[in-house]
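> I would like to see how this sequence folds:
(one chain, ligands or ions: 1)
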Amino acid sequence: MRFQDQVVVITGGGSGIGRESAIEFAAEGAIVAVSDIDLATAEGTAEEIKKRGGEAAGFALDTTDPDAVTTFFETVEKRFGRLDVLINSAGVREISPVIELSYEEWSRVINVNITGVFLCAQAFLRRLVAADKKGAIVNLASTLGVTAAPNRPAYVASKHAVVGLTKELGLEFGQSGIRINAVGPGVTRTSLTERYFQDANMAQTIKSIHAMNRWGEANEIARAILFLASEDASFITGTTLMVDGGWTAGRTM
Ligand SMILES: NC(=O)c1ccc[n+]([C@@H]2O[C@H](COP(=O)([O-])OP(=O)(O)OC[C@H]3O[C@@H](n4cnc5c(N)ncnc54)[C@H](O)[C@@H]3O)[C@@H](O)[C@H]2O)c1
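Numbers count the residues shown, from 1 in each chain. All right, here's what the predicted structure looks like:
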């Protein structure tokens with residue numbers, strides 16, 4: 001039980017990687033504050049945890065709203081008495097060539113994928129520093145945080161920014177006992193990517209990008225997130241761990 005009685009906050013916890021991580025943290029003893037812009041899905045994850053005998057509560061949180069973010073972390077700390085781990089999993093993606101991408105679409109992806117990560121990290125860190133506490137943050141970057149793919153200009157830019165922000169925070173908090181890392185998933189089957197799998201040709205192409213010739217499952221990403229959040233990763237900060245079946249190792253011939 002690596003997280004016994006620790007309070008773990010998850011953004012975007014109503015679906016996919018965030019949901020799976022919430023379930024795995026609870027199974028290792030954590031009290032999980034599951035947040036999502038969609039309250040019903042956050043509550044759904046919390047209910048699933050409780051059904052399995054764990055402790056959790058669902059919260060509505062739009063990570064791009066600075067005041068809501070501040071209030072949320074205050075509420076969680078008051079309710080559960082402490083904060084230990086933050087997982088920034090809320091994320092969105094556009095698929096559009098550069099010249100067709102609207103300002104609104106660009107702004108939405110940048111706001112959720114990098115500004116939201118910054119706001120939540122800042123609010124969490126402020127509270128830990130004020131309480132003189134140790135802790136950990138794990139951000140969701142992507143393979144597209146270290147390499148590019150066509151038709152995803154805002155997503156690629158935002159995930160490169162997550163990798164950069166993770167380094168910056170790791171440096172700034174290096175001596176504080178608070179570690180900040182990221183994971184870089186390859187294609188993982190969730191509602192974000194479900195449409196890839198509706199088309200057999202596309203599914204085959206997706207597989208072939210990865211050296212392991214398959215896509216990932218959300219629990220495989222969650223296990224890496226738990227590792228980085230745990231004492232097993234006690235000498236790791238400011239880094240992005242690729243969990244990508246070999247995608248970014250290089251191209252197959
Ligand atoms: N699935 C993949 O292949 C993959 C690959 C690399 C990185 N990622 C990253 O992993 C993270 C999780 O992705 P996923 O596949 O689980 O997606 P998902 O769509 O299943 O879950 C994302 C969740 O974020 C929530 N969300 C969106 N905007 C929000 C906001 N403003 N405030 C709060 N919550 C918000 C959504 O409601 C949803 O529940 C994302 O950051 C994504 O970019 C996913």
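> when you work out contacts or count neighbours from here on, use the C-alpha atoms and nothing else.
Fine.
> center of this protein - which residue?
Residue closest to the average C-alpha location in the chain (CA atoms, centre = their mean): Ser89, at 2.5 Å.
> so for that residue, what's the pLDDT?
Per-residue confidence (pLDDT) for Ser89: 98.
> so where's the longest strand in the chain?
Of all segments of type strand in the chain, defined using DSSP state E, the longest is strand 178-185.
> neighbours around Asp132, how many?
By the other CA atoms under 10 Å criterion, the neighbourhood of Asp132 contains 10 residues.
> and it, how far from the ligand?
Taking CA to the nearest ligand atom, to the nearest Å as the measure, Asp132 falls 27 Å from the ligand.
> again, but for Ala182
For Ala182, the distance to the ligand equals 10 Å [CA to the nearest ligand atom].
> and what of Phe124?
Here the distance between Phe124 and the ligand works out to 15 Å (CA to the nearest ligand atom).
> does that residue really touch Glu74, like I thought?
No: Phe124 lies out of contact with Glu74 (CA atoms under 8 Å); the separation is 9.1 Å.
> any common contacting residues for the two?
None of the residues lies in contact with both Phe124 and Glu74 under the rule CA atoms under 8 Å, 6 or more residues apart in numbering.
> higher neighbour count, these two?
In this view Phe124 and Glu74 are compared by other CA under 10 Å, and Phe124 has more residues nearby, 25 against 16.
> name the element that one belongs to?
Following DSSP states H and E, one finds Phe124 within helix 116-131.
> which other residues reach that helix?
With CA under 8 Å, 6+ apart as the contact definition, helix 116-131 has outside contacts at 63-66, 69-70, 73, 83, 86, 88, 134-135, 137, 139, 162, 165.
> so Ala68 touches Asp62, yeah?
Yes: when contacts are counted by CA under 8 Å, Ala68 is listed as touching Asp62 (7.1 Å).
> neighbour count winner among the two?
The residue with the greater number of neighbours, taking Ala68 and Asp62 and applying other CA under 10 Å, is Asp62; the counts read 21 against 15.
> three-state assignment of the closest residue to Val76 other than its chain neighbours?
If the residues on either side of it in the chain are set aside, Val76 comes closest to Ala33, at 7.1 Å by CA to CA, 6 or more residues apart in numbering. What DSSP: H, G, I helix; E, B strand; the rest coil gives for Ala33 is strand.
> residue contacts, Ala33?
Ala33 makes contact with 7-10, 56-59, 76, according to CA under 8 Å, 6+ apart.
> go with 10 Å
By CA atoms under 10 Å, 6 or more residues apart in numbering, Ala33 lies in contact with 7-11, 13, 22, 42-43, 45-46, 55-59, 72-73, 76-77, 79-80, 83, 86.
> find the nearest non-adjacent residue to Arg152, please.
Leaving out its chain neighbours, the residue that sits closest to Arg152 by CA to CA, 6+ apart is Ile95, at 5.2 Å.
> cool, and Thr115?
Spatial nearest neighbour of Thr115, excluding adjacent residues (CA to CA, 6+ apart): Thr64 at 6.5 Å.
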